[in-house]
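*Asks:* dropping a prediction and its sequence here:
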Amino acid sequence: RENAPHLVRNLPFVVPNYEWWEAPFYGIGLRLYDLLAGRYGFGRSRNLTREQTLERIPTVETDGLRGGVIYYDGQFDDARLGINLMQTAIEHGACCVNYAGVVSLLKSSDGMVEGAAVRDYETGNEYSVPARAVINATGPFVDILRKMDEPEVSRMIRPSQGVHIVLEKRFLPRDSAIMVPHTDDGRVLFAIPWLDRVVVGTTDTPVSDVSDEPLPMKDEIDFLLEHAARYLAEDPSEDDILSVFAGIRPLVDAGEGSTASLSRDHTLHISRSGLVTITGGKWTTYRKMAEDTVDQAEAVAQVEPAPCVTKTLRIHGYAEPASALAPEESYGSDALELRNLTARHPELARKLHPRLPVSAAQVIWAVRHEMARTVEDVLARRTRALLLDARAAREAAEPAAALMAAELNRDQDWQEQQIREFSALAERYLPSGY
């Protein structure tokens, strides 16, 4: 809220109560949550009557409903925050490069890491990048880099897969979310209003292989549908799913036990050669993770420590909080330039697809200002079109490719390849593929 208020909004969560003990039990627990949050909280929790619960969530299951408990938390746009962080880094002197990867680590004669060999994936060229400190901040892939450094090193993380399904807004038409404190496997389940859709999640499934595009499992999808049906008056079916997606949690490996009980806290590790690895953590602690990591990197590089300034640093796009995470509002201070682009070129105001909140202007903006190089960049990473509606996103690939080709000076073959590749990707976001 202090660094990037244009990406955050206050979101009410309701815990529906069906048993007599749930109101006092969850009410007391959430009041403790209020105390811990202190001035950083989004609002005070309170108990709701049955009527008040139905007013906030008219689609909740009414059979046996006694009331609810409401509490408040923040909702943010993770895709836009990632882009805005990159833009902020560039504004402060960083050189940010996408579509490049580490091939190997460079080491001095005494075995200390002193840089990386990097391949440009678009040209195939390789470059040596010297560095006084190298930070391994590759999320669930940290062990790959660690093995480049020390081939016999034991793994640092135990990956866990979390799956979400996206439904039409009619399943949760108001602005309040549902929180289910305890599912059959002991996890918390959420149904959350999100960009004019409803996202339901999550699962916790240990996985052995880490992939750029993790595949949801059929039983995970069934699990979410079954639990959502318990709390919604209309039972969602597989046909109602607009998109299904999975992510990998880089949980710190603590030996035996389920992934649900492993640490979500971040962990720093410095190898014998000086490679600084940061793993674990979550979006809500990203700034502190970065501060701790840079402090360690300063020590490895043997440079004079500088005070951290990010606690009060305004992220690119800083603007007053939006009332909702609408597509244009999430651009913050860039929204004016985006509107100016549309004013100069009215044809760019058109939507790529009637079911998607993405305009042609956003495609152009992503190419010119946000390093977008592929249709996937635009429809999955700069916007959330693929996650909002995979079928609609697949149909939007053709106009997106045409717009990008004109900006990037690409030919018809490039457009057709982009459409094919994105269409194949979109198939993986449809439940029919599992």
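*Replies:* Right, received. Where do you want to start? Numbers count the residues shown, from 1 in each chain.

*Asks:* I'd say Ser271 and Asp149 touch.
*Replies:* Yes: contact criterion C-beta atoms under 8 Å: Ser271 and Asp149 qualify, at 5.4 Å. Bear in mind the C-beta positions are built from the backbone N, C-alpha and C, glycine included.

*Asks:* mutual contacts of these two, please.
*Replies:* The contact sets of Ser271 and Asp149 overlap at Val113 (C-beta atoms under 8 Å, 6 or more residues apart in numbering).

*Asks:* now the longest helix along the chain: how far from the chain's centre is it?
*Replies:* In the chain, assigned by DSSP state H, the helix with the most residues is helix 390-408. Computed by C-alpha atoms, centre = their mean, to the nearest Å, the separation of helix 390-408 from the middle of its chain amounts to 22 Å.

*Asks:* cool, and stretch 398-413?
*Replies:* Distance, centroid of stretch 398-413 to centroid of chain: 27 Å (C-alpha atoms, centre = their mean).

*Asks:* just the residues contacting that stretch, thanks.
*Replies:* Here stretch 398-413 has contacts from 352-353, 360, 363-364, 367-368, 372-375, 378-379, 414-415, 418-419, 422, using C-beta under 8 Å, 6+ apart.

*Asks:* same thing but 10 Å
*Replies:* Contacts with stretch 398-413, where a contact means C-beta atoms under 10 Å, 6 or more residues apart in numbering, come from 348, 350-353, 358, 360-364, 366-368, 372-379, 383, 385, 393, 414-423.

*Asks:* just the buried ones among the residues you listed, please.
*Replies:* Using 16 or more other C-beta atoms under 10 Å as the burial test, those include 348, 352-353, 358, 360-364, 366-367, 372-379, 383, 385, 393, 415, 418-419, 422 as buried.

*Asks:* and the residues you listed, which of them are in helices?
*Replies:* The members of the buried ones among the contacts of stretch 398-413 that map onto helices under DSSP H are 360-364, 366-367, 375-376, 385, 393, 415, 418-419, 422.

*Asks:* now Gly201: how far from Leu408?
*Replies:* 35 Å (C-beta to C-beta, to the nearest Å).

*Asks:* neighbour-wise, which of those two wins?
*Replies:* The neighbour comparison of Gly201 against Leu408 (other C-beta atoms under 10 Å) goes to Gly201, with 22 against 12.

*Asks:* so the more buried one makes contact with Ile178?
*Replies:* No: counting by C-beta atoms under 10 Å, Gly201 stays clear of Ile178, with 11.8 Å between them.

*Asks:* tell me, what's touching these two both at once?
*Replies:* Common neighbours of Gly201 and Ile178 (C-beta under 10 Å, 6+ apart) are Leu189, Phe190, Ala191, Ile192, Ala228.

*Asks:* helix or strand right after the helix or strand the last one falls within?
*Replies:* Spelled out, that is Ala228. For Ala228, the element it lies in under DSSP states H and E is helix 218-231. Downstream of helix 218-231, the first helix or strand assigned by DSSP H and E is strand 243-252.

*Asks:* how far does that next one sit from the chain's center?
*Replies:* How far strand 243-252 lies from its chain's middle: 9 Å, per C-alpha atoms, centre = their mean.

*Asks:* list the buried ones in it?
*Replies:* Within strand 243-252, the residues scored as buried using 16+ other C-beta under 10 Å are Ser243, Val244, Phe245, Ala246, Ile248, Arg249, Pro250, Leu251, Val252.
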